[in-house]
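Participant: I'd like to go over a predicted model; first the sequence, then the structure.
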Amino acid sequence: MCGIVGYVGPGNTVDVLLAGLRRLEYRGYDSAGVAVVSDDGSLGVRKRAGKLDNLIASLDDAPLAAGATGIGHTRWATHGGPTDTNAHPHLGDDGKLAVIHNGIIENFAQLKQQLTDEGFTFVSETDTEVAAVLLGREYRRTGDLFEAFVATVAQLEGAFTLLAVHQDQPGTVIGARRNSPLVIGRGTGENFLASDVAAFVEHTTHAYSIGQDQIAVITAESITVTDFTGNPVEPEPFEVEWDASAAEKGGWKSFMAKEIAEEPTAVANTLLGRISDGQVVLDGLDAIDDDVLAKISRIIVVACGTASYAGQTAAYAIQRWTNVPVSIELSHEFRYRDPVLDDSVLVIAISQSGETMDTLMAIRWAREQGARVLAICNTQGATIARESDGVVYTYAGPEVAVASTKAFVAQVAALYLFGLHLARVRGTLGADEIAGVTAELTGLEAAVQEAVEASASIPNLAHWMADTRSVLFLGRNVAYPIALEGALKLKELAYIHAEGFAAGELKHGPIALIEPGLPVFVVVPSPREAPLLHAKVISNIQEIRARGARVLVVAEKGDTAVLPFADEVISLPLVSPLMQPFVAVVPLQVFAMELAEAKGLDVDQPRNLAKSVTVE
Ligand code: F6R
């Protein structure tokens, strides 16, 4: 939450910052602002509530004086509403320094009281302004930005990435990281600090990750990293593996449309190089070696939102293939209900961003209890990956639209690979059986592509439903989490009440919701491969149809048994039951996107949300 970028170099600083913010806008879009230390040594600040375009319009009307040093921020509001005043950057009391922040300073109320008692005044309701005023006080005391910064961060508690510039120290941006992401981009004669590499990847792919409780100082020519007490540390270099075009819309109507179209590639890239002679080859498991895997007694998946549904989906396969019990926990609930953990428990943390604070806190806690943690992560070098015992990266590429799509299918693919690996280690599947599944996985690229193409008819469906007030989603077995995911997509994108249910659960209560005309999506199991479940779902459909629901059936092509009971049929490619989630999720994603568009909504940046949820 909140996107942060800092720049020092010969480029047009405001343009570099705005381009970076454009790429970080998915992290929050309640307000945006920039601060530039001008070549004549003064500090110019502009900030506006609302999306980045408001800030750009204001800068077009009245540009800031040019300068080589600047910071920019796009906000997801926590302390104080999304107003111009609460927008970042915030100034120190003398107006000479500017600070931007991502996270929550937990002791801000005490600090604010203390500073107020000392006679300082505040204009905003934010915790960030407290850090800015504190930094100003420390700067006056020490006369040096670095020393003042060290003294300031030592007084802060909570989660924060802070960037600061001071007009008396042009050519320097200073940043600190505790629990919120911050990376360095190393250019030629220019350097960057940002919440995520997307902000600078058009300028450089050379990056460094900054560890927990570290400070980074960049000038155009130098990069220095220290711990919070000022002792030098070596930052960890890495290369960004995708280029700027991967994070561009490239002619698509939205990032979401582009990312749905990229789902076949996201699955294929996640499998790439990990299947050899029909067997799974995984690197990155590190401390989670075969000995550890042979001894685990159970698996607990921790994740939030769509990532948790990916875990819930894959749990069916992993449990079936390995006989290891798998349970799913929402990260934010997990540690507060005293789960019993020891070193025989493997916790799998799933996170596209790798920065979700709820999941990060869950894995820290799990490791403290002795459990091993495996991360399934889409962002190289992200905190969750770094703080886990092993990692299986998904290779979905940058996901910019706030609603997760391609990351979901990549997460399920990565989890399936891990499940097969575990089955081999524990001897629960033979090489032939594993080869059979990997052959199916290899066929997924084409199947998901077919599902994407088959979704072309969905816009019409979405259009006639634009006034619908509620939609239900039903699924059984592996399609149950798909129903939950379909409902989540619709809520977050189209702002429509939507709920997913296990189809068998309906008669235990939710069937009371059915009224004439209510749209209900039903994901139907394969009649070829799962005839028993298929028959049960057909009965469930009859129950809701008898009560007037409008039934939208998602079924494999050739399933004629559903036709008499369906108002609409969306056809899926032929795959085995465990592969059905990969193809069944696609039309539900497309439906949510199209319905949101039919309502005139912004599908890439739905209201109140942010892509990377770095607060608890
Ligand atoms: C929904 C969505 C969210 C995320 C969740 C976890 O479309 O994107 O539910 O899945 O916030 O995010 P990550 O995977 O980054 O931990």
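Facilitator: Cool, got the structure.
Participant: please count neighbours and contacts with C-alpha atoms only from this point.
Facilitator: Fine.
Participant: distance of whichever residue of the stretch 401-550 of the chain sits closest to the ligand relative to E556?
Facilitator: Proximity of the stretch 401-550 of the chain to the ligand (Cα to the nearest ligand atom) peaks at A403, 3.4 Å away. According to Cα to Cα, to the nearest Å, A403 and E556 sit 26 Å apart.
Participant: look at those two and report which has more neighbours.
Facilitator: Summary of the neighbour comparison: A403 and E556, criterion other Cα atoms under 10 Å, with A403 having more neighbours (28 against 24).
Participant: any idea which element the residue lying closest to Y416 once chain neighbours are set aside lies in?
Facilitator: Counting by Cα to Cα, 6 or more residues apart in numbering, Y416 lies nearest to A314, which is 6.4 Å off, once chain neighbours are set aside. Element membership for A314, per DSSP states H and E: helix 305-322.
Participant: and the following helix or strand past that helix, anywhere near the ligand?
Facilitator: As assigned by DSSP H and E, the chain's next helix or strand after helix 305-322 is strand 326-330. No. Remark: strand 326-330 sits outside contact range of the ligand, by Cα under 6 Å from any ligand atom, the gap being at least 10.0 Å.
Participant: can you list the strands that strand 326-330 pairs with?
Facilitator: The pairing partners recorded for strand 326-330 under DSSP bridges are strand 298-303 (parallel).
Participant: just the mean pLDDT for the partner strand, thanks.
Facilitator: In this model, strand 298-303 has an average pLDDT of 98.
Participant: contacts for that strand, please.
Facilitator: 308, 311, 324-331, 334, 344-351, 359, 362 (Cα atoms under 8 Å, 6 or more residues apart in numbering).
Participant: what distance separates that strand from the centre of its chain?
Facilitator: 18 Å (Cα atoms, centre = their mean, to the nearest Å).
Participant: wait, the residue nearest to Y416 touches L415, no?
Facilitator: Yes. At 6.2 Å, A314 counts as touching L415 under the criterion of Cα atoms under 8 Å.
Participant: of these two, who's got more company?
Facilitator: A count of neighbours by other Cα under 10 Å puts A314 above the other of A314 and L415, at 27 against 24.
Participant: next one: the more buried one from V280, what distance?
Facilitator: A314 is 16 Å from V280, by Cα to Cα.
Participant: do the same with G70
Facilitator: 47 Å.
Participant: and if you look at L588?
Facilitator: In terms of Cα to Cα, L588 sits 30 Å off from V280.
Participant: so L532 is in which element?
Facilitator: helix 531-545.
Participant: what does that helix rub up against?
Facilitator: Residues contacting helix 531-545 (Cα under 8 Å, 6+ apart): 476, 503-504, 511, 514, 522, 524-527, 551, 562, 565.
Participant: buried set for it?
Facilitator: By 16 or more other Cα atoms under 10 Å, the buried positions in helix 531-545 come out as L533, H534, A535, K536, V537, I538, N540, I541, Q542, E543, I544, R545.
Participant: redo those as CSV? Include distance to the ligand and pLDDT.
Facilitator: Supplementary listing: the buried residues of helix 531-545 in CSV, determined by distance: Cα to the nearest ligand atom, whole Å; pLDDT from 0 to 100:
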residue, distance to the ligand, pLDDT
L533, 28, 95
H534, 28, 96
A535, 31, 95
K536, 30, 94
V537, 27, 96
I538, 29, 95
N540, 28, 94
I541, 27, 95
Q542, 31, 93
E543, 30, 92
I544, 28, 94
R545, 29, 93
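Participant: quick one: residues in contact with stretch 207-214.
Facilitator: With Cα under 8 Å, 6+ apart as the criterion, stretch 207-214 contacts 176-179, 182-186, 197, 216, 225-228, 235-240, 381.
Participant: repeat that with 6 Å
Facilitator: Contacting residues not belonging to stretch 207-214 are listed as 176-178, 183-186, 226-228, 235-239 [Cα atoms under 6 Å, 6 or more residues apart in numbering].
Participant: which one among those residues gets closest to the ligand?
Facilitator: V183 (16.8 Å).
Participant: my guess is the closest one meets A194, correct?
Facilitator: Yes. Between V183 and A194 a contact is recorded at 5.4 Å, counting by Cα atoms under 6 Å.
Participant: would you map out the domains in the chain?
Facilitator: 3-244, 249-442, 456-598 (automatic domain parsing).
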